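Trainee: Okay, sequence plus prediction incoming.
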Amino acid sequence: GECLVVTNFHVVDGLVNASMTFVDGESYTFDVLGADKYSDLAVLRPHAPASKLKPLAVVSSSTLLVGDSVVAIGNPYGLQSTLTSGIVSQLNRAIRTETAGSYTIAGVIQISAPINPGNSGGPLFDSQGRVVGITTAIISGSQNVGFAVPSDTIVREIVALSTAGHYQHPYLGITGVSNSYLISQA
């Protein structure tokens with residue numbers, strides 16, 4: 001099948017006339033096939049020759065354990081092809097990001113590898129070089145606290161994103177409020 005690129009929604013949100021640059025320095029335009037701001041994912045089709053695209057092995061993020069070694073690759077602050085390593089600090093975190101508005105992104109992997117601006121949208125690898133997630137966010141002002149969207153979320157959404165352009169999340173239309181004396185009396 002065709003090779004697609006998966007990255008963060010916030011990386012491509014609002015871009016006009018953007019291109020992706022390969023390790024040899026050549027740049028190619030791309031189409032955004034689909035995006036999901038509620039899991040911070042986007043699927044891209046690069047206008048690049050097939051010889052430039054080398055697919056990465058993706059494994060289930062459910063194989064991860066707290067303490068496992070992970071490696072992130074990105075371009076933090078424009079420093080190209082930077083590799084950072086760390087461990088899985090926690091699993092199934094729920095985080096709030098600017099792109100998701102009032103909704104939380106659930107099931108997120110917390111990692112000790114620092115994720116800086118320009119790092120997000122890159123792959124998170126396990127110790128055997130297989131993709132287990134996509135780095136997504138930092139808590140501003142923190143050190144060595146990063147987050148990644150798990151590969152299980154990518155696998156669940158990629159077909160819908162690349163064909164329909166969006167992913168329909170299930171949700172309940174209810175809102176909770178803290179109990180008070182007046183509410184309990186009612």
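Mentor: Good, I have the coordinates.

Trainee: in this structure, which spans are strands?
Mentor: With DSSP state E as the criterion, the chain has strands at 5-7, 19-21, 27-36, 41-46, 69-74, 82-96, 104-111, 123-125, 131-138, 146-150.

Trainee: so where's the protein shaky on pLDDT?
Mentor: 1, 76-81, 98-102, 117-118, 137-143 (pLDDT under 70).

Trainee: how much space between Asn17 and Leu41?
Mentor: 22 Å (C-beta to C-beta, to the nearest Å). Quick note: C-beta positions are derived from backbone N, CA and C, even for glycine.

Trainee: Who has more neighbours out of these two?
Mentor: Shown here are Asn17 and Leu41; by other C-beta atoms under 10 Å, Leu41 has more neighbours (27 against 5).

Trainee: What's opposite that one in the beta bridge?
Mentor: Asp36 (DSSP bridges).

Trainee: residues touching it, list them.
Mentor: Contact analysis of Leu41 by C-beta atoms under 8 Å, 6 or more residues apart in numbering lists 6-9, 35, 134, 149, 153-154, 157, 161, 167.

Trainee: hmm, try it at 10 Å
Mentor: 6-11, 34-35, 105, 121, 134, 136, 149, 153-154, 156-158, 161, 167 (C-beta atoms under 10 Å, 6 or more residues apart in numbering).

Trainee: One more: Ile134?
Mentor: Counting by C-beta under 10 Å, 6+ apart, Ile134 has contacts 6-8, 11, 39-42, 72, 109, 120-124, 147-151, 153-154.
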